[in-house]
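S.K.: Sequence and predicted model, in that order:
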Number of protein chains: 2
Amino acid sequence: MTLSELFAPTDPAFSEAMSTLLEIFHHSDDSQAPYQHQLFAQRLNQSHLPPVGLTLENYLARLATVIPGSSHLASPCYMGHMTAPLPAFTAELSRLVVMLNQNPMKMESSRLLSFLEREVLAKLHRLIYRADDLFYDQQMHAKDAALGVMTSGGTIANVTALWLARNRTCGDNLFALYEQGYRGAVILGSRLMHYSFDKGMDLLGLGAHNVWRLATDEQNRLCLTALEQALLRCKEEKIRVLALVGVAGSTDFGSIDPLPTLAAIAKREQIHFHVDAAWGGPTLFSPRYQSLLEGIELADTVTLDGHKQLLVPLGTGMLLCRQPDLMMAVKREAPYAIRATSFDQGRFTLEGTRPANALYLDAAFQLFGLQGYAELIEANYDRARLMAALIRDDPAFELMSEPVMNLLSYRCIPPHLRGKPLDEAANEQLNAFNVALQKAQRAEGHSFVSRTQRTVLRYGDQPLTLLRAVLLNPHIREQHIQQVLADQQRLGSQIASQLFGGSNGDG
Amino acid sequence: MTLSELFAPTDPAFSEAMSTLLEIFHHSDDSQAPYQHQLFAQRLNQSHLPPVGLTLENYLARLATVIPGSSHLASPCYMGHMTAPLPAFTAELSRLVVMLNQNPMKMESSRLLSFLEREVLAKLHRLIYRADDLFYDQQMHAKDAALGVMTSGGTIANVTALWLARNRTCGDNLFALYEQGYRGAVILGSRLMHYSFDKGMDLLGLGAHNVWRLATDEQNRLCLTALEQALLRCKEEKIRVLALVGVAGSTDFGSIDPLPTLAAIAKREQIHFHVDAAWGGPTLFSPRYQSLLEGIELADTVTLDGHKQLLVPLGTGMLLCRQPDLMMAVKREAPYAIRATSFDQGRFTLEGTRPANALYLDAAFQLFGLQGYAELIEANYDRARLMAALIRDDPAFELMSEPVMNLLSYRCIPPHLRGKPLDEAANEQLNAFNVALQKAQRAEGHSFVSRTQRTVLRYGDQPLTLLRAVLLNPHIREQHIQQVLADQQRLGSQIASQLFGGSNGDG
């Protein structure tokens, strides 16, 4: 295409082709795109740009070979990861969000949409902290206030929380800590803390090894005895605790730490209390389940992800702050863009220029309403309980934790180990078996769950391979859950005979 | 809407309404959305979600009040910031990118699109580093290799570069530096380095004050004498230099540091050499201008922004790495997602889950081709030279730097100061005058440039307020440039009489 063609109205055939590709995507299962490393690498191996731009028609031919190779997460048998198909209006709204190309880092390149972003953040602040109308009237659009910041995702939100916590303690100069007489600095939380905290501590120059991952109880919640011991050790060894992290929806179990107690301990010790609710936050929309998150309102900062359970597109993370002046600890300015006297959100954000994804959240809030999100959450959490019941009742499976939200970890048990006590050797067999099973299911492509490696209290310290199901897609019905489990039984039988042969095949 | 309605095909009226809103956006000038803080704050002040989701029709009514308040950067008289209107195909493509909702952090949630991302990065790597075919054949899809990483923007790319540089020096434990006998660590670059470097050094625990912003010459390029002095001082004071930063397109002048010399110095001193080409990188597409960036191929790392001169949507930054194994210095894993044995890009990225924006780049590369980008760059750079000539020839303006790329800084001179020598007092007047002028032009809303505050060599250390034009929109014609300058002359006359009264108005 020539430059002027590129900016002239697009041929309607292109629009129709996008619709067709989306149609295919929404009705495919993963079997159309089995993971074939060599083939994929061969198909996309060009390091040259074309000398002259292709026609739209020729580019469509390329897209038609690329898009079907994507991961078909719209399939209700795809239960593997934390992304979902999006509500239909999103497709049309994306045209608007993308083409407006607003940059809410600064008012001059986003105007009213900067205010929209603040309004969206206020709504989520209220969901978590439930302050009164006067508070929001005064703070929502106040100059040196931020009820939160938008980020590209949960990782940057968690990193921002640690950044805040560190700068409140010792500014951007770590040696100030040493001048205060400390020998080091750590963050405390459960072993199930997201790996972004390690990345954050690495980034902040404090060392990933200073993420102290403490033991959990039988419900995968941070163990309070372990926490008190860690705090004591820090005092004895003159180590500064920068933050206490509470997990509200662990990535593998959906477990929730005892937030009210953690809040009380953080207050007693005068430590920044951060809650990672990237997955679990929207539980607050459900009258039936919201009590699970009791205590979250006591957190100094809370991470949320719009692109997880709020069903907006990827790239929509947030950090919410109880106190509107908290973000001043990381305030920065730039002469050409972010003036000290300005109202710009860019003064506080780790990122600079970024898209106006708050518009997706605004649309979802208005169109789902409180009731829509409540229904979505409750249906998904109920489905997890249904799946857990099916697993519990079937000797071919072992449920590895009771359902809390809509994340389940379990194992498939090959015939010869069913009903047997599972010792270390048996667990080794189970690990190999479940890795092979997950890979086989992924390669076949009709249904999909992910896998993880964790310890589970009743088996001590032995790392176990677990299958991991995420029940986020609102199209999942009982039949799809049955399909996933049936595929695993079928593939499991084949794998068991390959791995363990006839001699062990006593089932 | 109910949950099932939200996932059913959207009423075509919604699609039409989006087209109408976009139509209005593309044909508006900023006068439809003057910046009215109080009004904006009042219009969006709801901290409650609606109890029940609105109908699409009602939500459209809300959008119709919000969208016209956005910044109308599609207007060819909007020359203020670094975002542009996007080529028309982007609107339709966005439906696909957004609805596929692929997460290239991990293969299991993006499949072939992970390979597409690697292909896109290889194309940009070749643009910068011009390695041979064999190199790309071997490295593009190699397991422990990354020709670069995608980021949400230039800030995260610059931060990632510093993170890499630091971890190559002392890992994630800053105290290792002290054990090596150093008393501190700095990065060196010109005073025109982007403010994300301060943010990065703050974040990394090294202190924003350890960004040493060195003097520049009359062409706003890092002064080599100042650099050698700084290096000497670091040796004398046992300070470790983590990185030398070269600017390829400063945000206010479009100036370019002497990259070949900086590369040689970095090599001599064994320092990580990073080039921030977020703005200037695409200059390489132009046969006529590419020699400006000579030496960039010697950088260890280079920051690019797709959403600047490559004209893809916001949220598309990149860090390119000369050596494919460089990113191993920041490699991280997670049991449920990013396995050590995996091929996943998520092992290296600062961010975790993120959108597959590489697809926008792929489309732009295929549809623009080398020639399209060359035309775009050359037309824009030529327009800047035209604008500079108009400013130079008019005593009502002062050009503050010669055009290098397509960024210009200049001042408007009120009648009583035209043709006079400008001393410190005059410059004070000029600062107040140009601030008022930029605000008046912004408030009126027919045309727009931004403003910045910088020193300029011929006026010594006095901070000067400069008007700043960014010539990125391909629809800008001479008439629009004249319009911007005419608006400034007209508003300038009014402001001059208000500020300086009749007594000084001798023009």
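M.R.: Noted; the coordinates are in hand.
S.K.: what is the rounded mean pLDDT of the biggest strand by length in chain A?
M.R.: The longest strand of chain A (DSSP state E) is strand A:239-247. Mean pLDDT, computed over strand A:239-247, is 97.
S.K.: ok and the helix or strand that comes right after that strand relative to strand A:239-247, angle-wise?
M.R.: Per DSSP states H and E, the first helix or strand lying C-terminal to strand A:239-247 is helix A:259-269. Inter-element angle recorded for helix A:259-269 and strand A:239-247: 160 degrees (by axes from the mean of the first three to the mean of the last three Cα atoms, to 10 degrees).
S.K.: just to revisit the earlier point, parallel or antiparallel, which strands does the longest strand of chain A pair with?
M.R.: strand A:184-190 (parallel), strand A:272-276 (parallel) (DSSP bridges).
S.K.: Could you identify which of these is most buried?
M.R.: strand A:272-276 (a mean of 28; mean count of other Cβ atoms under 10 Å in any protein chain shown). (Glycine included, C-beta is placed from N, CA and C.)
S.K.: Give me the residues contacting that one.
M.R.: For strand A:272-276, the external contacting residues (Cβ atoms under 8 Å, 6 or more residues apart in numbering or on different chains) are A:154, A:158, A:161-162, A:164-165, A:168-169, A:193-194, A:197, A:242-249, A:259, A:262-263, A:266-267, A:296, A:298-303.
S.K.: packing partners for the helix or strand residue A:468 falls within?
M.R.: If you go by DSSP H and E, residue A:468 is part of strand A:464-470. Applying 3 or more Cβ pairs under 8 Å, 6 or more residues apart in numbering or on different chains; DSSP states H and E, one finds that strand A:464-470 contacts strand A:407-412, helix A:424-444, strand A:450-454.
S.K.: got the angle for whichever helix or strand comes after that strand vs helix A:424-444?
M.R.: As assigned by DSSP H and E, the chain's next helix or strand after strand A:464-470 is helix A:478-504. Relative orientation of helix A:478-504 versus helix A:424-444 (the same axes, to 10 degrees): 130 degrees.
S.K.: Flag every buried residue along helix A:478-504.
M.R.: For helix A:478-504, burial by neighbour count (16 or more other Cβ atoms under 10 Å in any protein chain shown) applies to A:480, A:481, A:483, A:484, A:485, A:487, A:488, A:491, A:492, A:495, A:496, A:500.
S.K.: That helix relative to strand A:464-470, how many degrees between them?
M.R.: Inter-element angle recorded for helix A:478-504 and strand A:464-470: 160 degrees (by the same axes, to 10 degrees).
S.K.: Run the chain-centre distance for helix A:478-504.
M.R.: Put simply, helix A:478-504 sits 29 Å off its chain's centre (Cα atoms, centre = their mean, to the nearest Å).
S.K.: How about stretch A:374-382?
M.R.: In this view, stretch A:374-382 has its centroid 18 Å away from the chain centroid, taken as Cα atoms, centre = their mean.
S.K.: State the mean pLDDT of it.
M.R.: For stretch A:374-382, the mean per-residue pLDDT is 98.
S.K.: what does that stretch rub up against?
M.R.: With Cβ under 8 Å, 6+ apart as the test, stretch A:374-382 has contacts from A:282-283, A:285-289, A:309, A:311, A:368, A:403, A:405-406, A:471-472, A:474, A:476, B:3.
S.K.: Going through these, which ones are buried?
M.R.: Buried by 16+ other Cβ under 10 Å: A:282-283, A:285-286, A:289, A:309, A:311, A:368, A:403, A:405-406, A:471-472, A:474, A:476, B:3, out of the contacts of stretch A:374-382.
S.K.: biggest separation within those, which pair?
M.R.: Spanning the widest gap among the buried ones among the contacts of stretch A:374-382 are A:368 and A:403, at 23.3 Å by Cβ to Cβ.
S.K.: From residue B:12, how far off is residue A:71?
M.R.: Noted for residue A:71: a distance of 29 Å to residue B:12, by Cβ to Cβ, to the nearest Å.
S.K.: who has more neighbours, those two?
M.R.: Legend: neighbour count by other Cβ atoms under 10 Å in any protein chain shown for residue A:71 and residue B:12, higher for residue A:71 (30 against 9).
S.K.: where does the residue lying closest to that one once chain neighbours are set aside fall, phi/psi-wise?
M.R.: Leaving out its chain neighbours, the residue that sits closest to residue A:71 by Cβ to Cβ, 6 or more residues apart in numbering or on different chains is residue B:111, at 4.7 Å. For residue B:111, the backbone dihedrals are phi 40, psi -120 (criterion: degrees, to the nearest 10).
S.K.: residues touching residue A:296, list them.
M.R.: Contacts of residue A:296 (Cβ under 8 Å, 6+ apart): A:128, A:246, A:248, A:259, A:275, A:277, A:281, A:284, A:302.
S.K.: of all the residues you listed, which two lie farthest apart?
M.R.: A:246 and A:284 (14.4 Å).
S.K.: How about stretch A:12-31 and chain B, any contact?
M.R.: Yes - part of stretch A:12-31 sits near chain B under the criterion Cβ under 8 Å from any Cβ of the partner chain, namely A:14, A:15, A:18, A:19, A:21, A:22, A:25.
S.K.: quick revisit: please convert the buried residues of helix A:478-504 to JSON lines, extending it with pLDDT.
M.R.: As requested, the buried residues of helix A:478-504 are arranged in JSON lines below (pLDDT from 0 to 100):
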{"residue": "A:480", "pLDDT": "96"}
{"residue": "A:481", "pLDDT": "97"}
{"residue": "A:483", "pLDDT": "96"}
{"residue": "A:484", "pLDDT": "97"}
{"residue": "A:485", "pLDDT": "98"}
{"residue": "A:487", "pLDDT": "97"}
{"residue": "A:488", "pLDDT": "98"}
{"residue": "A:491", "pLDDT": "97"}
{"residue": "A:492", "pLDDT": "97"}
{"residue": "A:495", "pLDDT": "97"}
{"residue": "A:496", "pLDDT": "97"}
{"residue": "A:500", "pLDDT": "94"}
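S.K.: and these, which two are the farthest apart?
M.R.: Pairwise over those, using Cβ to Cβ, the maximum falls at A:480 and A:500, 29.2 Å.
S.K.: where's residue A:313, which helix or strand?
M.R.: Residue A:313 belongs to no helix or strand when assigned by DSSP H and E.
S.K.: Excluding sequence neighbours, find me the nearest residue to it.
M.R.: residue B:98 (4.7 Å).
S.K.: hang on, the one you found in a helix?
M.R.: Yes - membership of residue B:98 in a helix is supported by DSSP: H, G, I helix; E, B strand; the rest coil.
S.K.: Isn't it up against residue A:95?
M.R.: No - Residue B:98 is beyond contact range of residue A:95, at 9.0 Å (criterion: Cβ atoms under 8 Å).
S.K.: Find residues that contact each of these two.
M.R.: Here residue B:98 and residue A:95 have no joint contacts, going by Cβ under 8 Å, 6+ apart.
S.K.: Nearest to residue A:45 among the buried ones among the contacts of stretch A:374-382?
M.R.: residue A:472 (33.8 Å).
S.K.: Distance of that closest one relative to residue A:380?
M.R.: Look at residue A:472 and residue A:380: by Cβ to Cβ, they are 6 Å apart.
S.K.: buried sites along stretch A:452-464?
M.R.: By neighbour count with 16+ other Cβ under 10 Å, stretch A:452-464 contains the buried residues A:452, A:453, A:454, A:456, A:459, A:464.
S.K.: what do you get for stretch A:289-308?
M.R.: Using 16+ other Cβ under 10 Å as the test for burial, stretch A:289-308 gives A:289-290, A:292-293, A:295-308.
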